[in-house]
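K.L.:
Need a 3D model of the following:
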Amino acid sequence: MQIPSHLIDVTANHEPGYHPLMHYENWRVAVFNQDPARNLDTLSYLEYHGLTDEVFVLLQGRCALIVADGSDNPGEIHVVEMEANTCYNIRKGVWHALILQDQGIVLIVENQDTSRDNSGYYTLTEQDKAVIRARVETVLA
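P.N.:
Modelled structure (predicted):
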């Protein structure tokens, strides 16, 4: 028996990359599925959101969460391997990126107004990339 649509919304997306799934009032739920085009070799930027926190939950696979403080540019870069079914709240203004492996899927909860207009982007230098690569490879070894 199918549940009436006025009682429940069911959405999914299994394509590579970032996909919003649901919006309600001020929040959005999205999924980030591992994308062969977005990996450690192609990581080119870190981002931050200026108006809101963002929550990540690893659902499957492996994921290295990259974070850094700093205002105009990222400061010291930290990398942690996310644990499945654990909430990681990235506070507003914190530089971050995700590197997914092994069919990784991350659930994302964020303010639905989060956009390029109220976020910052930092293009990684070759030196930044080398530091991140070494730290991610150590964490995901």
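K.L.:
going on from the helix or strand where L98 lies, what's the next piece of helix or strand?
P.N.:
Assignment of secondary structure by DSSP states H and E places L98 within strand 95-111. On the C-terminal side of strand 95-111, the closest following helix or strand by DSSP H and E is strand 119-123.
K.L.:
Give me the average confidence score over the strand holding L98.
P.N.:
This predicted structure assigns strand 95-111 an average pLDDT of 96.
K.L.:
buried ones in stretch 56-63?
P.N.:
56-58, 61-63 (16 or more other CB atoms under 10 Å). (Each C-beta comes from the backbone N, C-alpha and C, glycine too.)
K.L.:
what's the closest non-adjacent residue to S71?
P.N.:
Leaving aside its chain neighbours, S71 sits nearest to G93 (7.5 Å; criterion: CB to CB, 6 or more residues apart in numbering).
K.L.:
And K129, by the same measure?
P.N.:
The spatial neighbour of K129 that comes closest, neighbours along the chain excluded (CB to CB, 6+ apart), is L43 at 6.8 Å.
K.L.:
Mind telling me what element the one you found is part of?
P.N.:
Under the assignment given by DSSP H and E, L43 is not contained in any helix or strand.
K.L.:
Over to D9?
P.N.:
Per DSSP H and E, D9 falls between elements, in no helix or strand.
K.L.:
For it, which residues are in contact?
P.N.:
Contact partners of D9, counting by CB atoms under 8 Å, 6 or more residues apart in numbering, are M22.
K.L.:
let's go with 10 Å and repeat that
P.N.:
Listed by CB atoms under 10 Å, 6 or more residues apart in numbering, the contact set of D9 reads 21-22, 24.
K.L.:
now, which of the residues you listed lie within strands?
P.N.:
Judged by DSSP state E, the subset of these located in strands is 21-22, 24.
K.L.:
Mind telling me which residue is nearest the centre of this protein?
P.N.:
With distances taken as CA atoms, centre = their mean, L98 lies nearest the centre of the chain, 4.9 Å away.
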